[in-house]
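Undergrad: Here is the input, now give the coordinates:
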Amino acid sequence: MLVYTLTVNVEESVSADWLSWMKEEFLLPMMQTHSFERYNFFKVLHDTDGHTFTFQFFCKDLNSFEHFELNFKASLLKSLSDSFPGKVVYFNTLLEQMQL
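TA: This is a model prediction of the structure:
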């Protein structure tokens, strides 16, 4: 299992509007790529600079992620950057679930 994480810091003054935008304009298109099986959503506690949120998108294998990366990633991340110019910063990572 692979987990694609997207961590976003949003200025406090726009965080409520941005959350609505994410729900209506970003999450559905992400899931419609058919690259991910499900997602989790978290708010980072004790944040001192705006509001920070983390999304975890679960994909079953590397082929699923590569499908997303080749066909959808750039445009979806551009929409995220363009959503509230100067008010949102993000970073993303790809994680592989490991067993101990």
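Undergrad: Okay, and the beta partners of the residue nearest to Phe65 when sequence neighbours are not counted?
TA: Nearest residue to Phe65, sequence neighbours excluded (Cβ to Cβ, 6 or more residues apart in numbering): Cys59, at 5.0 Å. The way it works is simple: take the backbone N, C-alpha and C, and place the C-beta from them, glycine included. Taking DSSP bridges as the rule, Cys59 bridges to Leu2.
Undergrad: what about the helices in the chain?
TA: Using DSSP state H, the helices of the chain run over residues 15-21, 27-32, 62-71, 73-83.
Undergrad: Report the distance from the shortest one to the chain centre.
TA: On the basis of Cα atoms, centre = their mean, to the nearest Å, helix 27-32 sits 10 Å off its chain's mean C-alpha point.
Undergrad: mind listing what's buried in it?
TA: Within helix 27-32, the residues scored as buried using 16 or more other Cβ atoms under 10 Å are Met30.
Undergrad: That one - what's its average pLDDT?
TA: Averaged across helix 27-32, the pLDDT comes to 96.
Undergrad: Ok, the last one next?
TA: Taken as a whole, helix 73-83 has an average pLDDT of 95.
Undergrad: Measure how it sits relative to helix 62-71, angle-wise.
TA: Comparing the axes of helix 73-83 and helix 62-71 via axes from the mean of the first three to the mean of the last three Cα atoms, to 10 degrees yields an angle of 60 degrees.
Undergrad: which residues sit against helix 73-83?
TA: Helix 73-83 is touched from outside by 6, 8, 18, 21, 25-26, 29-30, 33, 88, 90, 92, with contacts defined as Cβ atoms under 8 Å, 6 or more residues apart in numbering.
Undergrad: Also the shortest one?
TA: Outside helix 27-32, the residues that touch it by Cβ under 8 Å, 6+ apart are 36, 39, 55, 57, 72, 76, 79.
Undergrad: Just list the residues touching the most centrally placed residue in the chain, thanks.
TA: Centroid check for the chain by Cα atoms, centre = their mean gives Leu6 as the closest residue, at 3.6 Å. By Cβ under 8 Å, 6+ apart, the contact list for Leu6 reads 54-55, 57, 80, 90-92.
Undergrad: Appreciated, that's everything.
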